[in-house]
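A.B. asks: My questions are about this predicted structure, shown below with the sequence.
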Amino acid sequence: MAAHLKKRVYEEFSKVSQQQVSLEEVPAKKLRLTKPSKSAALHIDLCKATSPTDALQYLLHFAWKPVETESVEGVVRILLEHYYKESDNSVRLKIASLLGLLLKSQGFAPVCVVDDAINTLNNEKSHQVLAQLLDTLLIIGTQLPDKIAIIQRLIDVACKHLSSTYFRVRNKCLQLLGCLGTVDKPLSKETDAGPGAQTSHVRDVQSVISDYFQDQDPRVRTAAFKAMACKLLSDDYEQVRSAAVQMVWIRLVDDSFGKICHMVCDGSWVVRVQAAKLLGSMHQVSPHFLEQTLDKKLMSDLRRKRTAHERAKELYASGEFSSGRRWADDAPKEKVDTSGVNLIDSGACGAFVHGLEDEMYEVRIAAVEALCSLAQPSPSFAEKCLDFLVDMFNDEIEEVQLQSIHVLRQILTHITLREDQLDTVLAVLEDSSRDIREALHELLCYTNVSTKECIQLALVELLKNLTKYPTDRNSVWKCLKFLGARHPTLVLPIVPELLSTHPYFDTPEPDMDDPAYIAVLVLVFNAAKSCPTMPALFSDHTFRHYAYLRDSLSHLVPHLRPCDSVDWSNDAENSTASLESAQNFLQDSLIRVSALQNLETPGAQDLLEFTIRDLQRLGELQTELAGSADFCATYLHCQLLLTKALQEKIWTMAVPLCLKQNAKVSTAARQILDETYKLEFLYSGLETQQIAAIHNVRLQAKALQLILTARSKRGVDCVLGVCEKFLQDVESFQRHFMTELPHFQDSFVEKLLELMPRLTACKPLDLVKILQTTLRQSKFIHLKLPEQIHRASATIIEPTGESDNPLRFTSGLVVALDIDATLEHVQDPQTTVKVQVLYPDGQSHIIHPKPGDFRTPGPGRVRLITQVYLSHSAWTEACQIEVRLLLAYSSSSSKPSASKPAWNESMDGLATSESCIEGTIHLSKPVKVFIMPKPARR
Amino acid sequence: MPDIKVTPLGAGQDVGRSCILVSIGGKNIMLDCGMHMGYNDDRRFPDFSYVTQNGRLTEFLDCVIISHFHLDHCGALPYMSEMVGYDGPIYMTHPTKAICPILLEDFRKITVDKKGETNFFTSQMIKDCMKKVVPLNLHQTVQVDEELEIKAYYAGHVLGAAMFQIKVGSESVVYTGDYNMTPDRHLGAAWIDKCRPDLLISESTYATTIRDSKRCRERDFLKKVHETVERGGKVLIPVFALGRAQELCILLETFWERMNLKAPIYFSTGLTEKANHYYKLFITWTNQKIRKTFVQRNMFEFKHIKAFDRSYADNPGPMVVFATPGMLHAGQSLQIFKKWAGNEKNMLIMPGYCVQGTVGHKILNGQKKLEMEGRATLDVKLQVEYMSFSAHADAKGIMQLIRMAEPRNMLLVHGEAKKMEFLKDKIEQEFSISCYMPANGETTTIVTNPSVPVDISLNLLKREMALGGPLPDAKRPRTMHGTLIMKDNSLRLVSPEQALKELGLSEHQLRFTCRVQLHDPHSDTDTLGRIYTHLKSVLKSYSIQHVPDGTVIVESIVIKVTSSAEEPNLKVILLSWSYQDEELGSFLSTLLKNGLPS
């Protein structure tokens, strides 16, 4: 044996030297050279090892080192040799585990070692090692999913070892069976565990596994179940095709649903959470089964009692509204047949009732979520679980309350709320938690109600909410907007009442600034949008108020069709111009601009200026197009700046004379750069083509800067670095936007790339000259707009900046400032949005809000509610600081890097913030806050 | 057969005066020692003369276990320990031990000081009694003596309520006391592991009820209170001092907090304050929410709930008042009720059950005019609401507990006979276990089948394993050879050889010999050869040897052939086998009797 091994080692060595020869030309692959010798080294080490502990040490060392694919087999062989020789269990165990690791390595086909592995298995006595070897086999099996013969062999081996007395061996066997065994194919031959078994029939994997459900060892039972689950998954896959099997599955679902319902009452809460979650995933359950989960079968003194929910429904149906219930009111009426009542009929009954009132909130949340996912496809079930969800609004943990409100919102599309149900929902409006109230407003936006009383009720409650919590203003208005738009016919009959008009008498004109009055108007106007008869009921001042609100709160008040009696505001005709025409206008403007061949032609700049102005106005008028219009305007603005800069006189002047002009141009260059960053990071929905265009402009700006530096500075050294940098930029452009280049004919970049070989070779000053000419010659690229562009924006709702009372605090200490802002179309706000605080002395702090401070009330919208800490040394009088939101970007990639810096680390200065953030863009208008740090009293 | 005897002295087909005697494995245990609220005479306390006619109880009882602090579970304790006489250990949980004396003292005050009874236990007796109490923790196994051990499980009925597992050897009984399977605002749900006791003694107060979702009740309650307060009315909630009162307080407190309400909530003072103190202390006994948040704020430190003063009742404006007692039959709650009854804006909410004859019961039944003492009548104009906030398990909860514990027998106490009957049927039908419901003084005997543990020698076990058989089948019984040695109160199962060695006995061989006559025309050796080949073909998996001295040996069976002198064709086959191979031997003899194949 030893001789044989030695030969092998020498072979390895000789192979090494051969490789050395052949690979010498390719320096990149040098690294490999040491690898094959490693197996040899291992062999020598192992031979040297005198005691098992030594050998173990070597093996452990070896495990740390990477092994190249081509040498895996050699190493495996060597390991196997040692395995046969080794008498110590622990060393053999380690070798077995090493084998498993090695076989996992990429690109190595373990076919060749299967036989050896199985052989070792047959001679092994130690249970531990056996288990490890089976694990190795499992790895082999998963690596070779298509070699059926091998897999069959592995399965046979596993079946053989199932009878082992050691639980881990049985575990591994089951795992192997579960992962590798196929459902449709029975095992080829009798593989029953016990030697005493006499029969010899063909058995499939399932039945083999199911034998072990009864195993004495709980760990083996677990493994058996897991193996079976593996099977069932593939089972599922089979059934997709077979309708017959589908039938079986549905039955199974009902049955297992019942079983899982039982588990909702399990003793361990972990099991209960799991069970509740699972219930939610079983959509195929038949409806009558589902409905039982909400019914505990009320019984009192042998009589059937109706649930309180049923009673409420009946009360409502009979027209009598829940007025004081009497003591014997719920006395049961019909007598239940004693034998017929099954207290836990098939277990499914009342599972959700239990789940929802469980002690652990984890279980309750799971149950609420399960209800949601079950109710979404089934309106009837949604109807039934509504009452239960409403009850959850009263849970003791806010998280559960919020969750149930969210869930209710999701299933509300199916349901029309009854008055009593609405009443319960509305009761939560008085909750002191802002999150809950806002979630509820969101919920009300989606609510369908049935009667005009409901509308009135909702309005009254919302107004109550408004007086109690004035900060909810916006949210309440928005809620009423949707409520009105959803139920125009229900609002119509109560309009006179709402607006307190009178058929004969003029009523006093309400105060236009009253938020409550605005709320009512929002409701009415939104209802009027789809109800043309409604405006006839308005009084004169209502129309005046309409015009005012349409202007000041245009997002809440829709456009109403002009009515005969009144001349609506002047822009009525204008605004009939639909979205489509606006879109056409946008396109036309772009085409017009693109017709410009040379910006230096007289009038071209004027046209550009007008177009920019038009686009900006368009963005203001048509909110849907705001993103696109702004984007185009900004882009064109860059072009304009660039053209103007290039037309400056400096280019013709002698270098020393143009310092003043220089400043002008360099600001222009700076501005263009800023604008390009805005273009790239502020707008979402851009395609590569647009991004490439932006980068093109940026390169132009950089080129401009480079030229300016070259002109203003003496000496080549400083320019050299800048040139280097610029060339790198060009190169990276080429790398990133290779595919887009065909669109860039005659552009600056294209020309540059053509000249690239020359550029890299020439001197900086020549480079500058080339750049200068290229800049002047290059054409301007026309934008092609993508479907939808959204501009990221943010508004700070709080602080409002209107307060005259300064925030007083002792200098050196901190004061917390509450900030409430909405963000729209911001991607990944948790990492990009920062708060900037600017002190009057020019100090600026950037604060990273906690990820938990961002809430997502709807798609594309993010709410930031956070606190920033202010501090400063003492001032003599109160002064304003500015607070604004920033969007941080990193120019290294178009997306902000995923590796997030630790938030809120401190109030870093702008300059010292992390290196990956290259800059920030102002996201919102600044808000001024009065603060007054007082000197500390001693 | 060993058995468990259970005799309820109280609470057998009845509610109140819980006191159950259990004899298990030669130990006598008293479970609870309560008093009956409905009686004022001797029937008030359990009849301890059942245990012994005269003399102290100490020698007859191994221990007393109190499940929780309600008087119908602990009210007779000082009477039993001090007046009848018992010096053994009394087990209860820590909260029970803390609160129990407060209630007992209160009870004593009312009976002695107010009603003027004599021959009642004194304050000193309560103190002495409490000195005998051994407190224990949840899931703590306490060894009462060498054989008897008890363990407490969470019951969720009131603070500190526990279920007890009593175990002697492999026999065990679980006593639930009062328990609640639905968690409430301050307590969790009862929980027990799959301990598979021989007997589960369960309360059955709500044997025939399956209750509605508690959320529905809570919402109703809060809505009613909120509405009344909003329109400026006053709400009176009569409660008993401990238990439900705390739940309702938390419910209202959190609601006030959430809704930012300003109307004052009062709690009539008295023993509540002392007890509330203990609620604050025993946080570990409360539910998840309170346990998790008490670091920030202890839920029992109420912000909105203040102590009530008599004069507040006349204050204008809305308010909510919790007042004792709960059935409106006397005391502060009745006084406040009288003041407020005339105003229809006010509301009365009864959160619990009312006994017949009390004012509460009358109002709940819709009486609008009440006769007060001194011929005065009282018009009841205020709204009356009934809302059950009871902390007992309903039928489904009881079933759930049975499912959790998987007992072999069931015994119902603490409930009405008729309702128990119904539940008993259900249990027997659903779980197919026998269920008992003894009346007071009636003894139920439950035969148990305890398993007797025997030490088995490892060698024997390994040998058995080596013999094989379908392996993973732990739960099926299996026969094996061995010798049971009973020595020095220990049982051991060893292999026969080892037993012989240990006991110093020599082994006796027992062999059976049998002759089979066979007609065979061949010579003796040929016959033997034919037998050999025949056996070889029949018994494939056995070792068969043909020994040159003219015998065939199958395992331990020796086969010889002789022929009688007079008839050479008549061969006599001699079979000899040892006792151990009886089966094979008899098989062979019948096989050979049938003759050899030609």
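C.D. replies: That came through, no problem.

A.B. asks: To what extent is the residue lying closest to B:Ser564 once chain neighbours are set aside buried, counted in neighbours?
C.D. replies: Spatially, and ignoring its direct neighbours in sequence, B:Ser564 is nearest to B:Leu570 (5.6 Å; Cβ to Cβ, 6 or more residues apart in numbering or on different chains). (C-beta placed from N, C-alpha, C; glycine too.) Applying other Cβ atoms under 10 Å in any protein chain shown, we find 12 residues neighbouring B:Leu570.

A.B. asks: Next, the contact list for B:Leu570, please.
C.D. replies: With contact taken as Cβ atoms under 8 Å, 6 or more residues apart in numbering or on different chains, B:Leu570 is in contact with B:Gln517, B:Leu518, B:His519, B:Ser563, B:Ser564.

A.B. asks: repeat that for 10 Å
C.D. replies: B:Gln517, B:Leu518, B:His519, B:Asp520, B:Ser563, B:Ser564 (Cβ atoms under 10 Å, 6 or more residues apart in numbering or on different chains).

A.B. asks: and if you look at B:Lys487?
C.D. replies: By Cβ under 10 Å, 6+ apart, the neighbours of B:Lys487 are B:Glu502, B:Leu503.

A.B. asks: Now name the helix or strand holding A:Thr667.
C.D. replies: Using DSSP states H and E, A:Thr667 maps to helix A:659-682.

A.B. asks: With A:Asp630 as the reference, measure out to the residue most central in space within chain A.
C.D. replies: Nearest to the geometric centre of chain A sits A:Asp828, at 7.9 Å (Cα atoms, centre = their mean). Distance of A:Asp828 to A:Asp630, given as Cβ to Cβ, to the nearest Å: 21 Å.

A.B. asks: starting at the chain centroid, how far to stretch A:260-267?
C.D. replies: Distance of stretch A:260-267 from its chain centroid, counting by Cα atoms, centre = their mean, to the nearest Å, is 33 Å.

A.B. asks: Quick one: end-to-end length of it, please.
C.D. replies: End-to-end distance for stretch A:260-267, by Cα to Cα, to the nearest Å: 13 Å.

A.B. asks: where does the stretch 201-350 of chain A have low pLDDT?
C.D. replies: Low-confidence segments of the stretch 201-350 of chain A, defined by pLDDT under 70: A:201-256, A:258-259, A:295-349.

A.B. asks: Would you mind listing what in the stretch 251-400 of chain B touches chain A?
C.D. replies: B:251, B:254-261, B:287-290, B:292-293, B:299, B:347, B:350, B:354, B:360-361, B:363-366, B:382-388, B:394-400 (Cβ under 10 Å from any Cβ of the partner chain).

A.B. asks: please redo it, this time with the cut-off set to 8 Å
C.D. replies: When proximity is defined by Cβ under 8 Å from any Cβ of the partner chain, the stretch 251-400 of chain B lies next to chain A at B:254, B:257-260, B:287-289, B:350, B:363-366, B:383-386, B:395-396, B:399-400.

A.B. asks: coming back round to it: model confidence for the residue nearest to the centre of chain A, exactly?
C.D. replies: The score at A:Asp828 is 81. That number is its pLDDT.

A.B. asks: any idea how far A:His782 is from it?
C.D. replies: Counting by Cβ to Cβ, the separation of A:Asp828 from A:His782 is 31 Å.

A.B. asks: Quickly list the domain ranges of chain A.
C.D. replies: For chain A, the structural domains run A:41-187+A:203-235, A:257-296+A:346-414, A:415-443+A:450-562, A:581-777, A:792-895+A:915-934, going by the TED database.

A.B. asks: How is chain B partitioned into domains?
C.D. replies: If you go by the TED database, chain B breaks into B:3-210+B:391-447, B:214-386, B:455-503, B:511-594.

A.B. asks: so where's the stretch 651-800 of chain A shaky on pLDDT?
C.D. replies: The model of the stretch 651-800 of chain A has pLDDT under 70 over residues A:651-661, A:713-718.

A.B. asks: Which residue ranges of it form helices?
C.D. replies: Assigned by DSSP state H, counting those that start in this stretch, the helices in the stretch 651-800 of chain A fall at A:659-682, A:688-712, A:717-736, A:748-761, A:764-777.

A.B. asks: Most tightly packed of the ones you listed?
C.D. replies: Comparing those by mean neighbour count (mean count of other Cβ atoms under 10 Å in any protein chain shown), helix A:688-712 ranks first with a mean of 21.

A.B. asks: For it, name the packing helices and strands.
C.D. replies: With contacts taken as 3 or more Cβ pairs under 8 Å, 6 or more residues apart in numbering or on different chains; DSSP states H and E, helix A:688-712 sits against helix A:626-647, helix A:659-682, helix A:717-736, helix A:748-761, helix A:764-777.

A.B. asks: what number of residues lie near the residue in the stretch 551-700 of chain A that chain B sits nearest to?
C.D. replies: Across the stretch 551-700 of chain A, the shortest distance to chain B (Cβ to the nearest Cβ) belongs to A:Leu556, at 26.8 Å. Neighbourhood size, A:Leu556 [other Cβ under 10 Å]: 20.

A.B. asks: how far away is it from A:Leu549?
C.D. replies: With distances taken as Cβ to Cβ, A:Leu556 is found 7 Å from A:Leu549.

A.B. asks: shared neighbours of the two, anything?
C.D. replies: By the contact definition Cβ under 8 Å, 6+ apart, A:Leu556 and A:Leu549 are jointly contacted by A:Val522.

A.B. asks: what's the average pLDDT for stretch B:570-584?
C.D. replies: Stretch B:570-584 comes out at a mean pLDDT of 84.

A.B. asks: scratch that, stretch A:422-434 is what I was asking about
C.D. replies: In this model, stretch A:422-434 carries a mean pLDDT of 82.

A.B. asks: phi, psi of residue 167?
C.D. replies: All of this is about chain A. Dihedral angles of A:Phe167 (phi, psi; degrees, to the nearest 10) stand at phi -60, psi -30.

A.B. asks: nope, chain B
C.D. replies: Dihedral angles phi and psi of B:Lys167 (degrees, to the nearest 10) take the values phi -130, psi 130.

A.B. asks: pretty sure it is touching B:Ile150, no?
C.D. replies: Yes: B:Lys167 lies in contact with B:Ile150 (Cβ atoms under 8 Å); the separation is 7.3 Å.

A.B. asks: wait, what's in contact with the residue of the stretch 201-350 of chain B found nearest chain A?
C.D. replies: Closest to chain A within the stretch 201-350 of chain B is B:Arg215: 3.6 Å, counting by Cβ to the nearest Cβ. For B:Arg215, the contact set (Cβ under 8 Å, 6+ apart) comprises A:Leu356, A:Glu357, A:Phe388, A:Asp391, A:Met392, A:Asn394, A:Asp395.

A.B. asks: tell me which element it falls in.
C.D. replies: helix B:214-230.

A.B. asks: What is the neighbour count of residue 287?
C.D. replies: With no chain named, the answer covers chain A. Using other Cβ under 10 Å, A:Pro287 has 11 neighbouring residues.

A.B. asks: Sorry, I should have been clearer: chain B.
C.D. replies: By other Cβ under 10 Å, 21 other residues sit near B:Asn287.

A.B. asks: Quick check: phi and psi on it?
C.D. replies: Main-chain dihedrals, B:Asn287, degrees, to the nearest 10: phi -90, psi 180.
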